[in-house]
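Visitor: Quick one: sequence plus predicted model below, questions after.
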Amino acid sequence: EVQLVESGGGLVQAGGSLRLSCEASGFNFEDYTLGWFRQAPGKEREGVSSINVAHSTTFYEDFARGRLTITVDNAAHMIFLQMNNLKPEDTAVYYCAAERNPDDYWGQGTQVTVSS
C-alpha cells in the first residue's frame with residue numbers, strides 16, 4: 001500500500017524558511033515521479049516541483065525556481081522541500097505526491113502560513 005505523510009509545515013514570517021518532509025512507503029522511488037503541490041484558499045491545486053529519481057531530473061514552476069528545492073533521501077524513503085525566502089503568497093496546504101501513469105498517490109497535506 002502506497003502511503004505519503006507530510007510534516008514540517010507551520011507559521012513563518014515573510015523571508016523565513018521551512019523544510020517540508022514527506023515520509024513515503026509502499027513503492028520504489030525509481031518507478032515514480034515524485035512531487036510537491038500546493039493549494040491556497042479559494043484556488044485550485046497547483047504544481048510546485050517534481051523529481052524523477054531514475055533520471056536524476058528536477059522541475060520547478062517559475063514561482064518556485066531559486067527559492068524552493070526538492071530533494072530525496074532514497075535510503076530513508078523521504079522526500080523534502082526546502083523553502084527559503086518565503087512570501088505571503090506561498091501560504092497554502094502543501095501536498096507530496098507520487099505518480100506513475102495511470103496511478104497517482106497523495107498525502108494528506110501540511111499547512112504553510114507566511115505572515116507579512
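Guide: Nice, I can see it.
Visitor: For V72, see how far away C96 is.
Guide: C96 sits at a distance of 10 Å from V72 (criterion: CB to CB, to the nearest Å). The way it works is simple: take the backbone N, C-alpha and C, and place the C-beta from them, glycine included.
Visitor: Which neighbours do these two have in common?
Guide: L34, I79 (CB atoms under 8 Å, 6 or more residues apart in numbering).
Visitor: Neighbour count: the two, which is higher?
Guide: Between C96 and V72, C96 has the larger neighbour count (other CB atoms under 10 Å), namely 28 against 17.
Visitor: so what's the more buried one up against?
Guide: By CB under 8 Å, 6+ apart, C96 lies in contact with 4, 6, 20, 22, 24, 34-37, 79, 81, 106-107.
Visitor: Go ahead and confirm L68 touches L81.
Guide: Yes. When contacts are counted by CB atoms under 8 Å, L68 is listed as touching L81 (6.1 Å).
Visitor: all strands for this protein, in order.
Guide: In the chain, strands defined by DSSP state E lie at 3-7, 10-13, 18-25, 33-39, 46-52, 57-60, 68-73, 78-83, 92-100, 103-106, 110-115, listed in chain order.
Visitor: would you turn those into a markdown table with mean pLDDT?
Guide: Output for those, formatted as a markdown table (pLDDT from 0 to 100):
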| stretch | mean pLDDT |
| --- | --- |
| strand 3-7 | 98 |
| strand 10-13 | 98 |
| strand 18-25 | 98 |
| strand 33-39 | 98 |
| strand 46-52 | 98 |
| strand 57-60 | 97 |
| strand 68-73 | 97 |
| strand 78-83 | 98 |
| strand 92-100 | 97 |
| strand 103-106 | 96 |
| strand 110-115 | 98 |
